[in-house]
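Trainee: after the sequence you'll find the predicted model.
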Amino acid sequence: MDKHTTHNDIMKLIVEARETFSDNDDVMHWLDELVDRINDFSVNGIDFRAVADNLDDSLVIADGEGRYIYTNPSYTRNTGIRPEQILGRTAEEIEKDGTIFKRGAAIEVLRTKNKVFRISNVYVTGNPEPGAVSGVPIFNEAGDLTHIICASRPLFTFNQLKDDFNNFLNYANSIQNRPSIAPFREHENSLALDSNHIMGSTPIVRDIYKIIRKAAPTDATVLITGESGSGKEVIADEIYRMSVRNHAPFIKVNCASIPANLLESELFGYEKGAFSGASSSGKKGLFEMANNGTLLLDEIGDMPMDLQVKLLRAIQHKEITRIGGNKPIKLDIRFIAATNSDLKKKVTEGVFRQDLYYRLNVVPIHMPPLRERRSDIREFCDFFLDIYNKKHNSSMSLTPEQYRMLESYDWPGNIRELENVIEYLSICGYSEDPEVNDYMIAGMLEASVNAPSYAQSYADVRKEPVKETDIHSGIHSSVENYEKAMIEKVLAESRNLREAGAKLGVNASTVSRKIKAYGIDYHRKSIKKR
């Protein structure tokens, strides 16, 4: 029995043990630790250097500063570049030299900290030899860039596709002509997904995690409900990460973002000539792209009724038929659905099929709004402060009083709204006076739709007999005075409104509107300077 089969058999036994001892937290914790150790053993048993040395694709690795530290034999064979020509040198140094290669991926990865795919040219043979190169950043647990992996292949090697080469070109053309509606995202092993775990320690969150831990290793369909911004996609990510399909595609499609007349072709695909404007080579749909993996149908409550019938059939029979086709395509997909709608109400209103609802509602998970888990707010604040202080080179922190202010607010926009507030504070919370920042935070929350209820709850937290009108007027005037002073200061240090807007993180029209609202004599001051 090979190592891979043994690993899978052990994991299946652990899944059975999880189901048997699901109510015993100590056993469940021990099983989780066992899974981690088995995975470590499985990974550590692979000689990655031997794998890299035997790849057909060219492979180079750079450190976190863009200095090349490894090339595999195929790199020299495919490009003519010898290891001693680049090892120990930085990508920037080689690009400036211009005699070895240009438009490599490493510099762009260093600049953006994102994956990069581009056409690069090698010059060591005398004539430029184009190749397709992809660059992938590797981060440590602290989020620091540690390595860059660049894999490439000369374009002429694509001729080896032979009979499939024309299909490849037709598909490339079809992608170019596809409407840019961004209907789906395929899972990538990105830092964002790796760090996007469920947060919080309230009992209801712990209960949700128990359900995820039981359901994730199975193929059961999961229906995630909750208000917008509450973290439904995070639950889906966690289910995928803990599933036995976490090595397979994870396709996410927002049913509300795709026009109804395009949704069917996006989901099920079509054969060539199926309708006017169809690609001559046909098109694979999202169901086929998710085959053997996981498909997240977000905002499922907005799916048109006619497509609900086809979705139900696809889930029940585990097959689809492309538009214009007559050959069924077998599927092996794990389905996850998410919605902020009340599907039971939609069923009663006749806009959502009852049979589809029950087909999706196998494992229901409801993510509560942030106002029902207030004790988790501080953890979210610290998490987002860490992210945005690094992103904006800021040192914003919150006082105990400011934490209480944020915890007393109802957060109608949930975690997404809290994230936006923390990012704003990391950018604009310049004052070293905590009281000024108190006013800024209160002013931001006061502007929301729940301002009256917030003002009352804030007064209760402070244990002071403050009238709601006093809070509103005092906070509002203080925030306005602070904002006016900040705008005047930036205007005095800027050449024009566009530059001022860039410094303030808003557009020029917003700065102009604030100048009029606060009566700032901007033009007169500019004339005096001249």
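Mentor: Here it is on my side, so go on.
Trainee: which residues touch Phe275?
Mentor: Applying Cβ atoms under 8 Å, 6 or more residues apart in numbering, we find Phe275 in contact with Ile323, Gly324. Every residue, glycine included, has its C-beta placed from N, CA and C.
Trainee: same question for Gln308.
Mentor: For Gln308, the contacting residues are Phe352, Arg353, Leu356, by Cβ under 8 Å, 6+ apart.
Trainee: adding secondary structure, distance to Arg371 and pLDDT, write these out as JSON lines.
Mentor: Formatted as JSON lines, the contacts of Gln308 follow (DSSP: H, G, I helix; E, B strand; the rest coil; distance: Cβ to Cβ, whole Å; pLDDT from 0 to 100):
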{"residue": "Phe352", "secondary structure": "coil", "distance to Arg371": "27", "pLDDT": "94"}
{"residue": "Arg353", "secondary structure": "coil", "distance to Arg371": "32", "pLDDT": "94"}
{"residue": "Leu356", "secondary structure": "helix", "distance to Arg371": "31", "pLDDT": "94"}
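Trainee: sort out which one of those residues lies nearest Glu372 for me.
Mentor: Nearest to Glu372 among the contacts of Gln308, counting by Cβ to Cβ, is Phe352 at 25.1 Å.
Trainee: ok, the residue lying closest to the closest one once chain neighbours are set aside - how many residues close by?
Mentor: What sits nearest to Phe352 in space, not counting adjacent residues and going by Cβ to Cβ, 6 or more residues apart in numbering, is Lys346, at 3.7 Å. By other Cβ atoms under 10 Å, the residues close to Lys346 number 17.
Trainee: next SSE after the helix or strand of the chain with the lowest mean pLDDT?
Mentor: Using mean pLDDT, DSSP states H and E, helix 191-195 stands out as the lowest-scoring helix or strand of the chain, at a mean of 37. Heading C-terminal from helix 191-195, the first helix or strand you meet, by DSSP states H and E, is helix 203-215.
Trainee: coming back round to it: from Gly229, how far off is the residue nearest to Phe352?
Mentor: 20 Å (Cβ to Cβ, to the nearest Å).
Trainee: same check on Met11?
Mentor: 34 Å.
Trainee: could you do Asp382 as well?
Mentor: According to Cβ to Cβ, Asp382 and Gly229 sit 19 Å apart.
Trainee: neighbour count winner among these two?
Mentor: Between Asp382 and Gly229, counted using other Cβ under 10 Å, Gly229 has the larger neighbour count: 19 against 15.
Trainee: give me the pLDDT value at Glu95.
Mentor: Glu95 carries a pLDDT value of 85.
Trainee: list of residues touching the helix or strand harbouring it?
Mentor: When elements are defined using DSSP H and E, Glu95 is found to belong to helix 91-97. Residues outside helix 91-97 that contact it (Cβ under 8 Å, 6+ apart) are 62, 66-68, 86, 100-104, 106-107, 110.
Trainee: report the buried residues of that helix.
Mentor: Under the neighbour-count criterion of 16 or more other Cβ atoms under 10 Å, helix 91-97 has Ala91, Ile94, Glu95 buried.
Trainee: now the helices for the stretch 301-450 of the chain?
Mentor: Ranges of helices within the stretch 301-450 of the chain are 305-317, 343-349, 354-360, 377-391, 400-407, 414-428, 434-446, based on DSSP state H, counting those that start in this stretch.
Trainee: turn those into TSV, including distance to Lys489.
Mentor: Shown next, in TSV, are the helices of the stretch 301-450 of the chain (distance: least, Cβ to Cβ, whole Å):
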stretch	distance to Lys489
helix 305-317	55
helix 343-349	52
helix 354-360	55
helix 377-391	22
helix 400-407	23
helix 414-428	12
helix 434-446	14
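Trainee: for these, which one sits closest to Gly131?
Mentor: Checking these against Gly131 by Cβ to Cβ gives helix 377-391 as the closest, at 33.2 Å.
Trainee: my read: the residue nearest to Phe352 touches Ile300, true?
Mentor: No - applying Cβ atoms under 8 Å, one finds Lys346 not in contact with Ile300, separated by 10.1 Å.
Trainee: show me what contacts Ile320?
Mentor: Ile320 is in contact with Phe268, Gly269, Gly285, Phe287, Glu288, Lys310, Ala314, Pro328, Ile329, Leu331, counting by Cβ under 8 Å, 6+ apart.
Trainee: swap in 6 Å and give it another go.
Mentor: Applying Cβ atoms under 6 Å, 6 or more residues apart in numbering to Ile320 gives the contacts Phe268, Phe287, Ala314, Ile329.
Trainee: is it true that the second one lies in a helix?
Mentor: Think Phe287. Yes - Phe287: assigned to a helix according to DSSP: H, G, I helix; E, B strand; the rest coil.
Trainee: so what's it closest to, chain neighbours aside?
Mentor: Closest residue to Phe287 apart from its sequence neighbours, by Cβ to Cβ, 6+ apart: Ile320 at 5.2 Å.
Trainee: quick check: bridge partners of the one you found?
Mentor: On the basis of DSSP bridges, Ile320 is bridged to Ile329.
Trainee: how many other residues sit next to Ala274?
Mentor: Residues near Ala274, counting by other Cβ under 10 Å, number 17.
Trainee: just the pLDDT at it, thanks.
Mentor: Turning to Ala274, the model gives it a pLDDT of 70.
Trainee: tell me the SS of it?
Mentor: Per three-state DSSP, the secondary structure class of Ala274 is coil.
Trainee: would you mark the buried spots in stretch 387-404?
Mentor: Ile387, Tyr388, Asn389, Ser394, Met396, Leu398, Gln402.
Trainee: try stretch 292-311
Mentor: 293-303, 308, 311.
Trainee: now pLDDT too, for those, in CSV please.
Mentor: What follows is the buried residues of stretch 292-311, written out as CSV (pLDDT from 0 to 100):
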residue, pLDDT
Gly293, 91
Thr294, 93
Leu295, 94
Leu296, 95
Leu297, 94
Asp298, 92
Glu299, 92
Ile300, 94
Gly301, 92
Asp302, 90
Met303, 90
Gln308, 92
Leu311, 91
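Trainee: from those residues, which land in strands?
Mentor: Within the buried residues of stretch 292-311, residues falling in strands by DSSP state E are Thr294, Leu295, Leu296, Leu297, Asp298.
Trainee: save those as a markdown table, and put in distance to Leu55 too.
Mentor: Output for those, formatted as a markdown table (distance: Cβ to Cβ, whole Å):
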| residue | distance to Leu55 |
| --- | --- |
| Thr294 | 28 |
| Leu295 | 30 |
| Leu296 | 32 |
| Leu297 | 36 |
| Asp298 | 36 |
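Trainee: out of the residues you listed, who's nearest Phe335?
Mentor: Within these, the smallest distance to Phe335 is 5.7 Å, found for Leu295 (Cβ to Cβ).
Trainee: and that closest one, what are its bridge partners?
Mentor: Ile251, Phe335.
Trainee: thought Ile300 was touching Thr339?
Mentor: Yes - between Ile300 and Thr339 there is a contact under Cβ atoms under 6 Å: 5.0 Å.
Trainee: if I pick His317, what's in contact with it?
Mentor: Listed by Cβ under 6 Å, 6+ apart, His317 has no contact partners.
Trainee: tell me how far it lies from Glu288.
Mentor: Noted for His317: a distance of 15 Å to Glu288, by Cβ to Cβ.
Trainee: okay then, goodbye and thanks.
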